[in-house]
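> Just a sequence and a predicted model for now, questions to come.
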Amino acid sequence: MAKAGDPKRDSASPAGSGGPVAAKVELGRRFSIYPHRPIPDLSTPTVPAFAGEDGFSNGDPCVAMICGADLPPRLEVAGALRGLGRVGILRLLDFGPVVWPGAVGLRLAIVFEMPEGGRVLPSVTATRPPMDPASVVAAFLQPAVTALGEMFQRNLTHRAIRPDNLYFLDRARTRLVLGPCASAPPGFDQPPQFETIEGAMADPEGRGTGTRADDMFAVGMTMLTLLMGRVPGANLHPDQLLERRIRSGTIDALVDTRSLPPAISECLYGLINDSPGERWTLEQLKLWLDGKRQQSLRGSAPAARSRVPFRLGQRELWTARDLAQALAKESEAASKELRAGTVHEWVRRDLGDQRAADALDQAVPVNNVGIGRRAIESLHIARASIALDPAAPIRYQGLSVHQDGLGTALALALQKPGGAQIFGELFRSKLPALWLAAQTILGKRALALSVASERLGRWIEDSNLGQGIERCLYELNPNLPCRSPLAARYWVGEPADILPALEVAAKEGHADSNPIDRHIAAFLAARVQADSDRLLALLTPTHLDSHAAIGMLKLLARLQERYGPTALPGIAGWCAKLIRPAIEAFHYRALRAQLLSDLDRVSRQGNLPQLLDLADNPQLRQQDQDGFRGARAEYATAEHEIVDGVTRAEARTTSARRSGHEFAALFAAVVASLVTFAVLWMKAL
């Protein structure tokens, strides 16, 4: 964990805002980054660049990319490329969280060597003098092959190959390298021309890590751009461009192939091929560079075309891919046609695609299409789109995302109103599993994606702490820092970072809430794989009289035992307030008073396991229960004896009163008799 620093400093205006700016920001003990010295010419569409200095190399200049808080960076790529020698890619020197002026929380800084010659192309809308084929091969293709060879060997994809992400290392502009690829999600900054048709169909955040074939396509498109001196199709709207590519194939949609130099056209056809199975691999490209001719098909096999078009609204659709794309765009009309069965009929009769027709029948039975239920209709549209075009992204209620892009898309969606609900519906619907079952060329990726798909449905249905949409978020984004508000000012990237962040949160006035919220629980469950079930079990009461706070204390005490630090007085005081009712529930007053005294003492020491022993000591609690039951029994016996004594006393009193009454009556009778006898005797005299 790294700390965000002083709150006043964090609230400073960011560079370029006109407010106070820190003189410099330090990354480790080596790099200095200057917020007041932005470098727009080296910034990417989503990540700004700033000047820096390497303290270990006599202050040599470097450039730092400062990532935002919204987009998950590719930390696994940064870690694999850090320190890698010059192998055709801009050298990544270091990365890590830094205190950034104006930011709430830390920002990730990725430091690169300074490309002295700048960009090859300033932007995708800019132009430059066309390069001849020999120069393209020597200046771009050779270093690109070297760079991708290093990345593929490490099981990585670049996913950011485009002309405005190529740099010249030297001022003479002779040494060209691929630019950064770890500061933004894979494919996020790519113009649609540099994505395959399937990639261009997806939302930028949903394009996913992709495969080596995606990088090879981008290499081909970058070659074509350098040959033309401009990005082909840059003047077209993305939807119009996509329709052309689907209809004619990418290379024919973007360029007059008759103008392609014969010396390099074979390579372009091999790389800019819309069929992943027919696209050149890196090995084939290397053979071509070595002068060995490679078989190269122009474009890809055309899609099956119907004899008559399917009309959806104002559109005329001729292929299954066209129809799938249109169904997702025109949801209201699509629902009507699916209910009526006209889509099924057209695919089977007019298109003549038996596979698609059978898949459509299984995915969307005509007699089972819901009417008037938006979620059901959206689900059926999504299922129909998968049946018609299995290679396309999953499309649901405006989302368009590939299976391996679900994590990034979810991370962005959770920061928008309604995003959690849509993804919750998506995961419950089992659409990822349906999409996966429809694929035929995933290879080794299929197993990992299948396991993740099965778990998503299970996690989303569980509302307990450590599960739900938050668990899906951290499982799908293994490098995403914890997004708990309690850790907002910190970069909590590992389980060991949780307690230090909570310690400061406790001291900053968060102790009126629980120390374990849904994000922290899900983060721990996803990151502590071996013990996730055991950790989550600690949060679940084992019997009816368990206090919920004790479960949280159990988890925190386990973390302190495993990761430290040895003293956490802030968290201990926080937990002491929460577990105090559990201790006050003890019946024995002397024991209760002693435990409360120990509670204050141990909380000041910051020892969570000892605090747990006080609140969750089964032996003491059993003794207290036994003593309480004994006291209750003694009380009941004493009460019975008192009642019995009072009853007997009352009985004696009643008996005595009755005897007194009888004696008084007898005495009165005797006295009366004596008086009567005396009166009679006196009269006789």
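Ah, there it is. Residues are numbered from 1 along each chain as shown.
> residue ranges of the helices in the stretch 1-150 of the chain, please?
7-10, 75-81, 133-135, 142-153 (DSSP state H, counting those that start in this stretch).
> Give me the helices and strands touching the longest one, please.
Translated: helix 142-153. strand 176-178, helix 212-228, helix 282-289 (3 or more C-beta pairs under 8 Å, 6 or more residues apart in numbering; DSSP states H and E). Quick note: C-beta positions are derived from backbone N, CA and C, even for glycine.
> May I have the phi/psi pair for Pro581?
Backbone torsions for Pro581, taken as degrees, to the nearest 10, come to phi -60, psi -30.
> Is there a neighbour count for it? I'd like the number.
Look at Pro581: counted by other C-beta atoms under 10 Å, it has 11 neighbours.
> pLDDT score for it?
As summarised for this prediction, Pro581 has a pLDDT of 85.
> Quick check: Thr342 vs Val219, distance?
Separation of Thr342 from Val219 (C-beta to C-beta, to the nearest Å) stands at 42 Å.
> Same question for Thr44.
19 Å.
> Looking at the two, which one has more neighbours?
Val219 (26 against 17).
> ok, the more buried one - contacts?
If you count contacts by C-beta atoms under 8 Å, 6 or more residues apart in numbering, Val219 has them with Leu141, Ala144, Leu148, Ile161, Leu271, Leu285.
> which residues touch the second one?
Shown here is Ala144, whose contacts under the criterion C-beta under 8 Å, 6+ apart are Gly88, Ile161, Leu178, Val219, Thr222.
> before we move on, what about the third one?
Leu148 makes contacts with Gly88, His158, Arg212, Asp215, Met216, Val219, Leu282, as judged by C-beta under 8 Å, 6+ apart.
> Over to the last one?
With contacts defined as C-beta under 8 Å, 6+ apart, the neighbours of Leu285 are Leu141, Val145, Met216, Val219, Cys267, Gly270, Leu271.
> Look up how far Ala103 lies from the residue nearest the centre of the chain.
Nearest residue to the geometric centre of the chain (C-alpha atoms, centre = their mean): Leu473, 2.5 Å. In this structure, Leu473 and Ala103 are 21 Å apart, going by C-beta to C-beta.
> looking at this structure, which helix or strand is least sure?
helix 7-10 (a mean of 34; mean pLDDT, DSSP states H and E).
> and the closest residue to Lys24 other than its chain neighbours, how many neighbours?
Spatial nearest neighbour of Lys24, excluding adjacent residues (C-beta to C-beta, 6 or more residues apart in numbering): Ser32 at 4.7 Å. Burial of Ser32 is recorded as 18 neighbouring residues (other C-beta under 10 Å).
> Find me the pLDDT at Ser32, would you?
96.
> Can you name the residues that contact it?
Neighbour list for Ser32: Lys24, Val25, Glu26, Gly52, Glu53, Gly55 [criterion: C-beta under 8 Å, 6+ apart].
> Can you classify Pro186 by secondary structure?
With DSSP: H, G, I helix; E, B strand; the rest coil as the basis, Pro186 sits in coil.
> and if you look at Ala357?
Classified using three-state DSSP, Ala357 is helix.
> There's contact between it and Asp350 in this structure, I believe.
No: look at Ala357 against Asp350 with C-beta atoms under 8 Å: they stay out of range, at 10.6 Å.
> quick one, which of those two is more surrounded?
Under the criterion of other C-beta under 10 Å, the comparison of Ala357 against Asp350 puts Ala357 first, with 21 against 14.
> For the more buried one, list the residues it contacts.
Taking C-beta under 8 Å, 6+ apart as the test, what Ala357 contacts is His344, Val347, Arg348, Leu351.
> need the contact list for the third one.
What that stands for is Arg348. Gln354, Ala357.
> Could you measure from it over to Pro309?
On the measure of C-beta to C-beta, Arg348 and Pro309 end up 16 Å apart.
> Likewise for the first one?
Counting by C-beta to C-beta, the gap from His344 to Pro309 is 16 Å.
> Fine, thanks again, bye for now.
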